[in-house]
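Colleague: I would like to see how this sequence folds:
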Amino acid sequence: MLRFNPQKISGNWDQGFALDIHTVSSTFVGYNEQGKEQFETTRSDIGEAVYQVKYRANKGVLVELLETVAEFAGNKWKVIEKVDVIIPVPPSNRSRTIKLPTEMAKYLSDKYGKIFDPSLLSKIKATEELKGVFTFEKRKALLANAFQASPSLENTSVLVVDDLYRSGATLQSLTDTLKKVGKAKKVYVLTLTKTRSLT
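Modeller: Below is the predicted model of the structure:
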């Protein structure tokens, strides 16, 4: 089990948490041969696990990460008893070997007997990867009408899972779609990490 320090995240959803902050510190150490800035980064346990899975395709830490998510969602926060459906945030980068939100949703659904059906929420508009977009307003504009929710979500309680919370623009757009189009009764969000700064 990884150490975690849950952080409440606020938005248009009913309740939300990140398991921990992503980075504890990041210190500028100079430039590489290509002139790119270099940083020495210290991550939380969860942040390091996310980094290893996403950017190093390290499957060794994936199971421990998923078990930690299940412990928090099922036994600490107890959100699992409130939801009918668990949905991953649709990926911006489809080329990644391991899609963490999908792995999280599938693991939680299998463990707790909840509905797992990624087709209930789909991305219908291509957008650039948001990690290079730094303002909330620009992110929000890029995500306008980007998602579609199934009408079969009507009157259900949904848990949306993602790996990183930065500004909340993606989760706000998804929550709008789930409530207005899908007619979901309640939307909860759970992310693995959140950035220290919310821009």
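
Colleague: now the spatially most central residue of the chain, what's its secondary structure?
Modeller: Among the residues of the chain, the one closest to the centroid is Asp162, at 1.4 Å (C-alpha atoms, centre = their mean). Secondary structure, DSSP: H, G, I helix; E, B strand; the rest coil: Asp162 is strand.

Colleague: my read is that it contacts Ser173, right?
Modeller: No: with contacts counted by C-beta atoms under 8 Å, Asp162 stays clear of Ser173, the gap being 12.0 Å. C-beta: built from backbone N, CA, C; applies to glycine.

Colleague: got the contact list for the residue lying closest to the residue nearest to the centre of the chain once chain neighbours are set aside?
Modeller: Beyond its immediate neighbours in the sequence, the residue positioned closest to Asp162 (C-beta to C-beta, 6 or more residues apart in numbering) is Val89, lying 4.2 Å away. By C-beta atoms under 8 Å, 6 or more residues apart in numbering, Val89 lies in contact with Pro101, Val160, Val161, Asp162, Thr170, Leu171, Leu174.

Colleague: how about a cut-off of 7 Å?
Modeller: For Val89, the contacting residues are Pro101, Val160, Asp162, Thr170, Leu174, taking C-beta atoms under 7 Å, 6 or more residues apart in numbering as the criterion.

Colleague: dump those to JSON lines, plus pLDDT.
Modeller: Shown next, in JSON lines, are the contacts of Val89 (pLDDT from 0 to 100):
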{"residue": "Pro101", "pLDDT": "95"}
{"residue": "Val160", "pLDDT": "97"}
{"residue": "Asp162", "pLDDT": "96"}
{"residue": "Thr170", "pLDDT": "87"}
{"residue": "Leu174", "pLDDT": "92"}
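
Colleague: do you know the pLDDT at the closest residue to Ala149 other than its chain neighbours?
Modeller: If the residues on either side of it in the chain are set aside, Ala149 comes closest to Gly182, at 3.1 Å by C-beta to C-beta, 6+ apart. Predicted confidence (pLDDT) at Gly182: the value is 95.

Colleague: what's the local residue count around Gly182?
Modeller: Taking other C-beta atoms under 10 Å as the criterion, the count of residues near Gly182 is 25.

Colleague: same question for Val158.
Modeller: By the measure other C-beta under 10 Å, the count of residues near Val158 is 28.

Colleague: help me confirm that it is found in a helix?
Modeller: No: with the criterion set as three-state DSSP, the secondary structure at Val158 is strand rather than a helix.

Colleague: let me know the secondary structure of the residue located most distally from the centre of the chain.
Modeller: For the chain, the largest distance from the centre (C-alpha atoms, centre = their mean) belongs to Glu33, which lies 33.5 Å off. Put simply, Glu33 is coil when judged by three-state DSSP.
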